[in-house]
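need coordinates for the below:
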Amino acid sequence: MAARVLMFQGTGSDVGKSLLVAGLARLFARRGVTVRPFKPQNMSNNAAVTADGGEIGRSQALQARAALALTSVHMNPVLLKPQGGNGAQIVVQGKVWGEASPRDYQAAKKTLMPYVLDSFDRLKAEADLVLVEGAGAAGEINLRANDIANMGFAQAAQVPVVLVGDIDRGGVIASLVGTRAVLTRDDARLIAGFIVNKMRGDPGLFADGMAFVAAHTGWAPVGLVPFFDAAHKLPAEDAMSLLGSAEPGRTRAAWVTAGPLTPAGLSADPSAGLAGAAAALGRRLRVVAPVLPNIANFDDLDPLKLEPAVELILLHDGAPLPVDADFVVLPGSKATIADLAVLRAAGWDADLIAYARRGGRILGLCGGYQMLGHTVSDPDGVEGVRANVPGLGLLDIDTVLTSDKTLAAAAGETIADGVPFAGYEMHMGRSAGPATTRPMVRLKDGRVDGATSPDGRIAGCYVHGLFADNRQRAAWLARLDAPPSGLDYDATVDATLDALADHLAAHLDIDMLLHLAH
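Below you'll find the model as predicted:
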């Protein structure tokens, strides 16, 4: 029996398509349905290593988890990873395919459609139901000619579409009806229903709105979904999620800055550095991460947001590094050299060097690890332009960027304390130097990775996912004198997916969705 298929497109970006697909995938999987998520084209620097050895967007990895399925490169056959300048790396069926400017990419889409349809057919062959997620806005008629992400794919595959609008941003009636107005007749006939997402307040106040949209489009109203407050507990894919507060009620200004540390708050023991300051002040541990334009794999930070003893401070727009920071994490980057330039322009290089001199602790992950060294060189122009630039000089290493890409699951232990971990590697480049004789991690295959400073306060490695591992996260927080919380991150994510499934079951007409799918 052929798999049923239903596609979810949006009136714009960030309307909640990814979460809707994840929640529905968990809902149907719990009913015994074999579900597969599919996104023809994604744009994100937050990627995941798949079970079959490639990479896909982080949201598809979460959707696969929701569907109780192994990740596959075919769940996201085209992944665009923006990098320095005005271009992106193109990943096709899990492997680097090339690079292109936005204009050149539009022309390349014709070449990529066969890969998209091949991956789609593979998923259909193994599933009872395929839930497809579009990208951006369904009504982007300026990009329609070579589209592979929205109506172009829907036409090629002849799949029914449910259009999703976001009421939280305002103008949802106009965006839904307006999308119908700009679509061609052939495209519009593929849209069978609509969902209004992220409702706050009394749903009854929008009953007339639902009726108006249905009357002016001819689409079936599938449901009005209230805002899902627990969404922050799930890994975010889009870097736009880093621009706002991760805690309800905090203003953006409060989120990116912190007050000065009083002299009384400093440890009386200079050898203790800054790590004991949080306990001495009776406050939460302040973990700081600069947000750079090409930040990648930033879900490394997500588990820290959920730790009750941690205040995760994301620095934007040159906000100064708080002098009372207890720990600094330099996340990954898709364009290390370009982000180093931004880091310097913001003055964060001086802040980080001064912080290190005061005894602060810094962890660099992947691109952040590369930034901690003496130099980063790109002799082949892997990131766009041949260059050799100075790093922060906090680790005695030098990095050479290379075109070959490491994609692999990783497991082992941190050498300093023997604490095990499970994570993944995703990087282009090699780092070498005296500090690598003090590696940070030992992998199960016997390899070592990373480097540490002689006093152990500055460290970095190419392994992602350390904080998602309960054992590693607890060990890092213990080193910083934070009280244990017992947070089980994986269990929290799964419980949140279950809650999301229940939420959607209560507010969507699930029987109608199954009827619309074919």
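
how many other residues sit next to Val389?
When neighbours are defined as other CB atoms under 10 Å, Val389 has 15 of them. Where you see a C-beta, it was placed from the backbone N, CA and C, and this is true even at glycine.

hmm, I typed the wrong one, I wanted Pro203.
The local packing count at Pro203 equals 16, with neighbours defined by other CB under 10 Å.

where does this protein have its least confident helix or strand?
Taking mean pLDDT, DSSP states H and E as the measure, the helix or strand of the chain with the lowest value is helix 252-256, at a mean of 29.

what about the strands in the stretch 151-300 of the chain?
Listed in chain order, the strands found in the stretch 151-300 of the chain under DSSP state E, counting those that start in this stretch are 161-166, 191-199, 220-226, 285-290, 295-296.

possible to save the ones you listed as TSV with mean pLDDT and distance to Ile173?
Rendered in TSV, the data for the strands of the stretch 151-300 of the chain read as follows (pLDDT from 0 to 100; distance: least, CB to CB, whole Å):
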stretch	mean pLDDT	distance to Ile173
strand 161-166	98	8
strand 191-199	98	9
strand 220-226	98	12
strand 285-290	97	39
strand 295-296	94	35
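
low-confidence ranges, the stretch 1-150 of the chain, go.
Applying pLDDT under 70 to the predicted model, the residue ranges of the stretch 1-150 of the chain that meet it are 1, 84-86.

ranges for the strands of it?
For the stretch 1-150 of the chain, the strands defined by DSSP E, counting those that start in this stretch cover 4-10, 35-38, 41-43, 47-49, 55-57, 78-83, 87-92, 95-100, 129-133.

please name whichever of these is nearest to His464.
When the strands of the stretch 1-150 of the chain are ranked by distance to His464, counting by CB to CB, first place goes to strand 47-49 at 8.6 Å.

pairing partners for that closest one, with directions?
strand 55-57 (antiparallel) (DSSP bridges).

follow-up on the earlier one: I'd like to know which of the strands of the stretch 1-150 of the chain lies nearest to Ala67.
It is, among the strands of the stretch 1-150 of the chain and with distance given as CB to CB, strand 35-38, at 4.1 Å.

ok, residues contacting that closest one?
3, 21-22, 24-25, 28-29, 60, 63-64, 66-69, 74-76, 119-120, 123-124, 126-133 (CB atoms under 8 Å, 6 or more residues apart in numbering).

just put the strands of the stretch 151-300 of the chain in JSON lines and tack on mean neighbour count and distance to Ile148.
Putting the strands of the stretch 151-300 of the chain into JSON lines (neighbours: other CB atoms under 10 Å; distance: least, CB to CB, whole Å) gives the following:
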{"stretch": "strand 161-166", "mean neighbour count": "26", "distance to Ile148": "15"}
{"stretch": "strand 191-199", "mean neighbour count": "24", "distance to Ile148": "18"}
{"stretch": "strand 220-226", "mean neighbour count": "19", "distance to Ile148": "25"}
{"stretch": "strand 285-290", "mean neighbour count": "24", "distance to Ile148": "34"}
{"stretch": "strand 295-296", "mean neighbour count": "27", "distance to Ile148": "23"}
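
re earlier: and the contacts of strand 35-38, which are buried?
Applying a neighbour-count criterion of 16 or more other CB atoms under 10 Å, the buried members of the contacts of strand 35-38 are 3, 21-22, 24-25, 28-29, 60, 63-64, 66-67, 69, 74-76, 119-120, 123-124, 127, 129-133.

and the top strand by length along the chain, how far out from the chain middle?
Longest strand of the chain, by residue count under DSSP state E: strand 398-414. Going by CA atoms, centre = their mean, to the nearest Å, the spacing between the C-alpha centre of strand 398-414 and its chain's C-alpha centre is 19 Å.

element containing Ala356, please.
With elements taken from DSSP states H and E, the one containing Ala356 is helix 348-357.

could I have that helix exported to CSV, CA atoms only?
Only the C-alpha atoms of helix 348-357 are listed here, as CSV (Å, rounded to 0.1, in the frame of the first residue of the first chain):
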residue,chain,number,x,y,z
TRP,A,348,35.1,40.5,22.4
ASP,A,349,38.7,39.5,21.7
ALA,A,350,40.0,41.9,24.3
ASP,A,351,37.2,40.9,26.7
LEU,A,352,38.0,37.2,26.4
ILE,A,353,41.8,37.6,26.8
ALA,A,354,41.2,39.8,29.9
TYR,A,355,38.8,37.2,31.2
ALA,A,356,41.3,34.4,30.7
ARG,A,357,43.9,36.4,32.5
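
how far off centre is it?
Here the centre of helix 348-357 is set off from its chain's centre by 27 Å, with CA atoms, centre = their mean.

what pairs with the helix or strand following it, parallel or antiparallel?
The first helix or strand that comes after helix 348-357 along the chain, using DSSP H and E, is strand 362-365. Strand partners for strand 362-365, identified by DSSP bridges, are recorded as strand 327-330 (parallel), strand 458-461 (parallel).

list the buried residues in strand 362-365.
Of the residues in strand 362-365, those buried by neighbour count under the rule 16+ other CB under 10 Å are Ile362, Leu363, Gly364, Leu365.

make JSON lines from the strands of the stretch 1-150 of the chain and add distance to Gly384 to it.
Listed next are the strands of the stretch 1-150 of the chain as JSON lines, based on distance: least, CB to CB, whole Å:
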{"stretch": "strand 4-10", "distance to Gly384": "30"}
{"stretch": "strand 35-38", "distance to Gly384": "31"}
{"stretch": "strand 41-43", "distance to Gly384": "17"}
{"stretch": "strand 47-49", "distance to Gly384": "19"}
{"stretch": "strand 55-57", "distance to Gly384": "20"}
{"stretch": "strand 78-83", "distance to Gly384": "7"}
{"stretch": "strand 87-92", "distance to Gly384": "7"}
{"stretch": "strand 95-100", "distance to Gly384": "8"}
{"stretch": "strand 129-133", "distance to Gly384": "29"}
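
looking at these, which is nearest to Thr406?
Ranking those by proximity to Thr406 (CB to CB) places strand 47-49 first, at 9.6 Å.

what's the longest helix in the protein?
Here the longest helix in the chain is taken by residue count, with DSSP state H as the criterion, and it is helix 102-126.

if we can go back for a sec, closest one of the buried residues of strand 362-365 to Thr336?
Within the buried residues of strand 362-365, the smallest distance to Thr336 is 10.4 Å, found for Gly364 (CB to CB).

give me the nearest residue to that closest one, chain neighbours excluded.
Gly460 (3.4 Å; CB to CB, 6 or more residues apart in numbering).

what number of residues lie near that neighbour?
Close neighbours of Gly460, defined as other CB under 10 Å, add up to 29.

looks like it contacts Gly450 (just checking).
Yes: Gly460 lies in contact with Gly450 (CB atoms under 8 Å); the separation is 5.6 Å.

mutual contacts of the two, please.
By CB under 8 Å, 6+ apart, Gly460 and Gly450 have these common neighbours: Tyr369, Met440.

which ones are touching Ala69?
Contacts for Ala69 were tallied using CB under 8 Å, 6+ apart; they are Ala29, Thr34, Val35, Arg36, Pro37.

for the residues you listed, pick the one with the most neighbours.
Sorting the contacts of Ala69 by how many neighbours each has (other CB under 10 Å) puts Pro37 first, at 30 neighbours.

which residues touch the residue nearest to that one when sequence neighbours are not counted?
Beyond its immediate neighbours in the sequence, the residue positioned closest to Pro37 (CB to CB, 6+ apart) is Gln63, lying 3.5 Å away. Contacts for Gln63 were tallied using CB under 8 Å, 6+ apart; they are Ser18, Val21, Ala22, Ala25, Pro37, Met75, Leu131, Glu133.

between those, which is nearest Ile337?
Of all the contacts of Gln63, Ile337 sits closest to Ser18, with 30.3 Å by CB to CB.

surely that closest one and Glu133 touch.
Yes: Ser18 sits in contact with Glu133 when judged by CB under 8 Å, with a separation of 6.2 Å.
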